[in-house]
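Undergrad: coords below, sequence missing:
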């Protein structure tokens, strides 16, 4: 194979290398492109590689016209347009592949290079993760290597030489890019919106369908990272509030229409019913993009989260929402109060009727159970708090189980949970509990969000994963308002107390490796997540506020965009002066003997002598003597001594003396 590769003509070898680089740049796009696009591109690249390998001629233009027409038609059929992010990237990837089929001249190669650079950037429309950045850095070096190789002379220069030149270019440009990254004004997010593909996996959703999934796959991807200021609250208190679900149709829970004004305001309507006490817990959240307007905060935050570029507002159910979806990594600061009261305290008749509603014709056995509990003398005397405690005691002692595989429930989900299956994950437990509470005339609702998390021992951030998504309940009690009740804690105390998680089945390789060295596996995972978090914090989340904070750190009292411009311009001027100084120094390092000879040649040309550019000092001396005679004898003698200094080092004299004498000579005019 290597012998065959070395025997190929240079054009074929360079083409194969370029195709390899293009394939590498396109590879991360496979998950974002339609299947037909990936197959078409792979076929075209393989076809072009085969033509280069066997030195066959390129196909005619009609092939390109046909493939282009197929591409446009398929793009229209898939995306219903040829404009926009997804359709545009699809067209660009195919066009780059088709361009390789007319790679005949250097001009065609340059078009492919620049299309390759642009295609490489489109990968960041879908993901800005550290692995994608590393892959695109390799792609950048590959494209630069191909570009340098195209400018090399004829023959077969080794690719290693071109790669070294490309790496040197990248290293020389890295400081400039770093300065521009730090000081160039930050713009609004430029990247695309990630898809929402959470069905059948743990995580948050705008609705909660009870019992439609037979199994739940734990998603260990990170939802957000928390950096606490000071002491971290106990794990069992780490409830991060998301959508509150209050409308139930027998199968699906939905949120009420939020009681918001026509515009976002820092003084939300629901805040009047929130009373906080005690010292706040301050922390910073770095949330992964989720294409939702939710800002997850730990119960309960009275002040708006500080999220640059977003307007935020709290609903009447204490959920903080933004004026637009979170489509990029977002960092915001929050103050939460673990001790709080919310909702009306003394009367719920006129305010909370929607939290008592149940659909007619569903869960008859649960309704019967509620009637029996309400007729119990002990519970009747104890009122709603006693009824809540009785339901929790039933969960604790009734043989109920927390599991990821409860099977598919029927239409009466609460009945099946309380009396038949007696197992489920948190949504089954919370839903059945809230149905029972409402059946006993206690206002109740389902709250979804995240609970718990784990600390990364490498960087100290508290990591909240999608597998930490949780559902719990809130009940309204007279004199106390809304009170959090987590019925899952009664079924599986380890879920929120000691924080023991259910683990989804792992593959054979992961199981074997984890069994051999579970500690090493955990340490490697923590180290990788810490590195990825640093990338998120310092690169992806380098915001306008961070730029201004940087100016403040270097001495600006009230930094502004004008100050940032002054710093950037000053740095540009400084670099330009350094470049000029380096140029002068570099010129001084040239051969001083040649510079002195060039000065002498210039003086003689001003005197009208036509000297060849390569004329030696002896030839110049001869021309001077023939033209000016004895009056130029000193100049001719000086030229002879200059030559002797170069070619007879033992001759008396030195360059510095000749330079001084050059200024005193009477040069002919």
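TA: Happy to help now that I have it. Keep in mind that this is a model prediction, so the values were computed, not measured. Residues are numbered from 1 along each chain as shown.
Undergrad: isn't residue 339 right up against residue 276?
TA: Yes. Look at residue 339 against residue 276 with Cβ atoms under 8 Å: they come within range, at 7.0 Å. All C-beta atoms are positioned from the backbone trio N, CA, C, and that covers glycine.
Undergrad: which one's more surrounded, those two?
TA: Counted by other Cβ atoms under 10 Å, residue 339 and residue 276 do not tie: residue 276 has more neighbours, with 17 against 11.
Undergrad: quick one: contacts for residue 76?
TA: residue 82 (Cβ atoms under 8 Å, 6 or more residues apart in numbering).
Undergrad: what's it sitting at in phi/psi?
TA: Note on residue 76: backbone dihedrals following degrees, to the nearest 10 are phi -60, psi -40.
Undergrad: distance of it from residue 367?
TA: Relative to residue 367, residue 76 is positioned 54 Å away (Cβ to Cβ, to the nearest Å).
Undergrad: ok, residue 398 next?
TA: 18 Å.
Undergrad: what about these two, which has more around it?
TA: Neighbours of residue 398 and residue 367, each counted by other Cβ under 10 Å, are more numerous for residue 367; the result is 18 against 12.
Undergrad: the more buried one reaches residue 439, doesn't it?
TA: Yes. If you go by Cβ under 8 Å, residue 367 and residue 439 touch, sitting 5.0 Å apart.
Undergrad: the stretch 451-600 of the chain: helices as residue ranges?
TA: With helices called from DSSP state H, counting those that start in this stretch, the stretch 451-600 of the chain shows them at 487-491, 508-516, 518-535, 544-553, 561-588, 592-606.
Undergrad: make sure residue 326 is indeed in a helix.
TA: No. Counting by DSSP: H, G, I helix; E, B strand; the rest coil, residue 326 is located in no helix; its state is coil.
Undergrad: what's the burial count for it?
TA: Residue 326: 23 neighbours (other Cβ under 10 Å).
Undergrad: give me phi/psi at it?
TA: Dihedral angles (degrees, to the nearest 10) for residue 326: phi -90, psi 100.
Undergrad: now the host helix or strand of residue 176: buried residues?
TA: Applying DSSP states H and E as the criterion places residue 176 in helix 159-183. Across helix 159-183, burial judged by 16 or more other Cβ atoms under 10 Å covers 159, 162-163, 165-166, 183.
Undergrad: so that helix versus helix 561-588, what angle?
TA: 140 degrees (axes from the mean of the first three to the mean of the last three Cα atoms, to 10 degrees).
Undergrad: downstream of helix 159-183, the next helix or strand is which one?
TA: As assigned by DSSP H and E, the chain's next helix or strand after helix 159-183 is strand 207-209.
Undergrad: which strands border that next one, and is each parallel or antiparallel?
TA: strand 252-254 (antiparallel) (DSSP bridges).
Undergrad: could you point out which element follows whichever strand or helix holds residue 240?
TA: Applying DSSP H and E as the criterion places residue 240 in strand 239-245. Next along the chain after strand 239-245, taking DSSP H and E as the criterion, comes strand 247-248.
Undergrad: that next one: partners in the sheet, and parallel or antiparallel?
TA: Here, using DSSP bridges, strand 247-248 pairs with strand 252-254 (antiparallel).
Undergrad: residues in contact with the closest residue in space to residue 453 that isn't next to it in sequence?
TA: Excluding the flanking residues, the one nearest residue 453 by Cβ to Cβ, 6 or more residues apart in numbering is residue 464, at 4.3 Å. Listed by Cβ under 8 Å, 6+ apart, the contact set of residue 464 reads 222-226, 240, 450, 452-453.
Undergrad: and residue 464, how far from residue 473?
TA: 20 Å.
Undergrad: and what of residue 629?
TA: Applying Cβ to Cβ to residue 629 and residue 473 gives a distance of 115 Å.
Undergrad: do residue 71 as well
TA: 53 Å.
Undergrad: then residue 570?
TA: From residue 570 to residue 473 the distance is 59 Å (Cβ to Cβ).
Undergrad: do the same with residue 660
TA: 97 Å.
Undergrad: what's the closest residue to residue 472 other than its chain neighbours sitting at in phi/psi?
TA: The shortest distance from residue 472 to any non-neighbouring residue, by Cβ to Cβ, 6+ apart, is to residue 486 (4.2 Å). The phi and psi torsions at residue 486 (degrees, to the nearest 10) take the values phi -110, psi 90.
Undergrad: what's around the residue nearest to residue 81 when sequence neighbours are not counted, how many residues?
TA: Leaving out its chain neighbours, the residue that sits closest to residue 81 by Cβ to Cβ, 6+ apart is residue 87, at 5.2 Å. Counted with other Cβ under 10 Å, residues neighbouring residue 87 total 17.
Undergrad: just to be sure, residue 87 is in a strand?
TA: No. With three-state DSSP as the criterion, residue 87 is helix rather than part of a strand.
Undergrad: list the contacts for it?
TA: Residue 87 sits next to 75, 78-79, 81 when contact means Cβ under 8 Å, 6+ apart.
Undergrad: just to revisit the earlier point, and the least confident of the buried residues of helix 159-183?
TA: The lowest pLDDT within the buried residues of helix 159-183 belongs to residue 183, with 71.
Undergrad: my read is that that residue contacts residue 568, right?
TA: Yes. In this structure, residue 183 is within contact of residue 568 by Cβ under 8 Å, at 4.5 Å.
Undergrad: mind listing what the strand holding residue 240 pairs with, with the direction of each?
TA: strand 297-298 (antiparallel), strand 444-451 (antiparallel).
Undergrad: among those strands, which comes closest to residue 358?
TA: strand 444-451 (10.4 Å; Cβ to Cβ).
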